[in-house]
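Asks: I would like the atomic coordinates for the input below:
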Amino acid sequence: MVQGSMLVVILLAAIVLMLLLISKFHFHPFVALFAVALVMGLCVGMKPMDVLNTILNGFGGTCRGIGIVILLGTIIGVMLERSGAAFTMADSVLKIVGEKHPAIAMSLIGSIVSIPVFCDSGFVILSSLNKSLSRRSGVSLGTMAIALSTGLFATHNLVPPTPGPIAAADKLGADLGLVIIWGIVAAIPAIIGGYLYACAVGPKLVLTVDEGESYEELKSKYGELPSAFKSFAPIIIPLILIGISSVVNYPSVLSKVGKGSTLHSIASFLGSPVIALTIGLILCFFLIPKLTEEITHGWIGEGVKEGANIIMITAAGGSLGAIIAASGVGDYIGAALKEFNLGLLLPFIIAAALKTAQGSSTVAIITTAGIITPMLESLGLGTAPMGPVLATLAIGCGSMVVSHANDSYFWVVSQFSGMELGTAYKAQTMATLVEGVCGLIAVYAIAAFML
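Replies: Alright, predicted model coming up:
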């Protein structure tokens with residue numbers, strides 16, 4: 001086995017190879033991650049069969065841990081989108097905030113919708129509403145676009161059941177309920193930072209886009225919309241159940257409740273991500289007046305296809321993470337960096353570098369989690385339950401920095417908002433930098449309070 005600084009050289013070469021395969025040669029991330037895991041395992045001197053078994057164990061262990069959770073989450077997202085529930089949620093937030101504050105409304109709407117729905121899809125769903133509110137209120141569409149984009153992006157990277165945070169929490173051994181609770185807390189300053197940037201920069205942007213449909217025309221397209229209670233339930237109830245389970249299993253609370261007690265058993269079962277999201281999926285069926293084959297096969301099939309793609313990428317990332325852990329490079333880097341006391345900054349920097357280089361936040365989160373896992377103790381983040389949670393959130397914040405031309409979300413935001421390339425860099429790229437940094441500051445504040 002290779003030892004010492006040569007391990008770092010091999011790791012950096014592996015990361016560069018992965019980035020080249022994805023961004024320059026346009027390989028699917030699954031193929032790139034699998035190939036890099038195989039090459040790195042052989043290069044560090046592992047026996048060929050050990051490399052193969054480590055890759056298979058990493059792949060299988062990841063699928064077992066979060067495969068069903070990701071599928072359930074993507075199906076719920078499709079159901080909310082197709083049933084019009086996402087529009088109902090937007091309408092409900094708008095009524096609370098008021099039409100005099102449309103940019104705040106769009107930030108909040110985006111942050112809610114993006115918990116189960118991918119931010120790319122969320123922006124497409126809400127784009128017409130965004131244009132309509134801009135026209136009605138007189139607020140610049142640039143301001144509205146940045147506010148919506150950053151609202152969607154914050155929870156997409158910080159709050160499960162979005163696949164990236166789920167995968168990182170699983171890999172790092174972080175309590176999912178605590179990641180949800182503190183992810184929401186960390187997302188708030190990130191969203192505020194994005195909103196303030198939208199207000200400062202948005203009015204100065206020149207956009208070329210058609211006005212789109214009016215709010216009333218857009219609403220009428222859905223026909224009879226589901227109620228606000230039914231629309232929010234598939235998101236809120238699973239989050240509450242997972243949160244309750246985390247609270248009950250928190251050491252100081254568990255000592256009072258009693259491990260294995262009726263309350264503990266019920267809370268742990270209902271709050272397990274698989275069961276909680278299964279309940280969320282069941283609640284989705286109440287959004288629809290009548291079940292048809294289009295729904296039971298088409299909508300659910302679409303969710304399965306979306307989820308399967310994410311699972312394969314996530315599991316391949318698990319394989320690479322297993323190879324990195326087996327190589328010992330994490331222990332070496334952790335020991336070498338210990339004197340610098342980088343702590344939360346290191347996972348943030350690695351995730352930001354990967355995000356900026358190859359574009360996908362999910363790939364950046366999964367890959368960084370694999371790199372950081374062996375270093376948790378040396379970075380001062382190994383103490384349960386909060387150490388792994390904070391590491392997960394720092395990775396999530398780093399994966400926001402930055403969205404630019406190699407990111408599909410960058411193009412969704414720019415094209416649906418009528419932004420030229422230079423304008424999109426001022427709007428989307430700089431806004432994601434601001435909110436990533438704001439999120440990291442929030443994570444440091446949480447660490448100061450909880451560690």
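
Asks: What strand or helix carries Leu11?
Replies: helix 5-19 (DSSP states H and E).

Asks: hmm, who's touching that helix?
Replies: Contact with helix 5-19 is made by 2, 32-33, 35-36, 39-40, 43-44, 320, 324, 327-329, 332-333, 354, 357-358, 367, 371, as judged by C-beta atoms under 8 Å, 6 or more residues apart in numbering. Using the backbone N, CA and C atoms, a C-beta is placed for each residue, glycine as well.

Asks: switch to 7 Å and redo it
Replies: By C-beta atoms under 7 Å, 6 or more residues apart in numbering, the list of residues contacting helix 5-19 from outside reads 2, 32-33, 36, 39-40, 43-44, 324, 327-329, 332-333, 357-358.

Asks: Likewise for stretch 381-398?
Replies: So stretch 381-398 is contacted by 157-158, 165, 168-169, 172-175, 178-179, 182-183, 186, 250, 343-344, 347-352, 355, 365, 368-369, 372, 376, 436, 439-440, 443, 446-447, 450-451 (C-beta under 7 Å, 6+ apart).

Asks: which secondary structure elements does the next helix or strand after the helix holding Leu11 contact?
Replies: Note on helix 5-19: by DSSP H and E, the next helix or strand toward the C-terminus is helix 29-43. If contacts are counted by 3 or more C-beta pairs under 7 Å, 6 or more residues apart in numbering; DSSP states H and E, helix 29-43 sits against helix 5-19, helix 48-83, helix 300-327.

Asks: List the residues that contact the closest residue to Ser121 other than its chain neighbours.
Replies: Nearest non-adjacent residue to Ser121, counting by C-beta to C-beta, 6 or more residues apart in numbering: Glu81, 6.4 Å away. For Glu81, the contacting residues are 117, 121, 125, by C-beta under 7 Å, 6+ apart.

Asks: and which of the residues you listed is nearest Asp407?
Replies: Nearest to Asp407 among these: Ser121, at 14.6 Å, using C-beta to C-beta.

Asks: Any quick PyMOL command for the buried ones out of the contacts of helix 5-19?
Replies: Buried residues among the contacts of helix 5-19 (16 or more other C-beta atoms under 10 Å), as a PyMOL selection:
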select buried, resi 32+33+36+39+40+43+44+324+327+328+329+332+333+357+358
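
Asks: Between the contacts of helix 5-19, which sits nearest Leu72?
Replies: Using C-beta to C-beta, Leu33 is the member of the contacts of helix 5-19 that lies nearest Leu72, at 23.2 Å.

Asks: Neighbours of the closest residue to the closest one other than its chain neighbours, how many?
Replies: Closest residue to Leu33 apart from its sequence neighbours, by C-beta to C-beta, 6+ apart: Ala316 at 3.7 Å. Burial of Ala316 is recorded as 27 neighbouring residues (other C-beta atoms under 10 Å).
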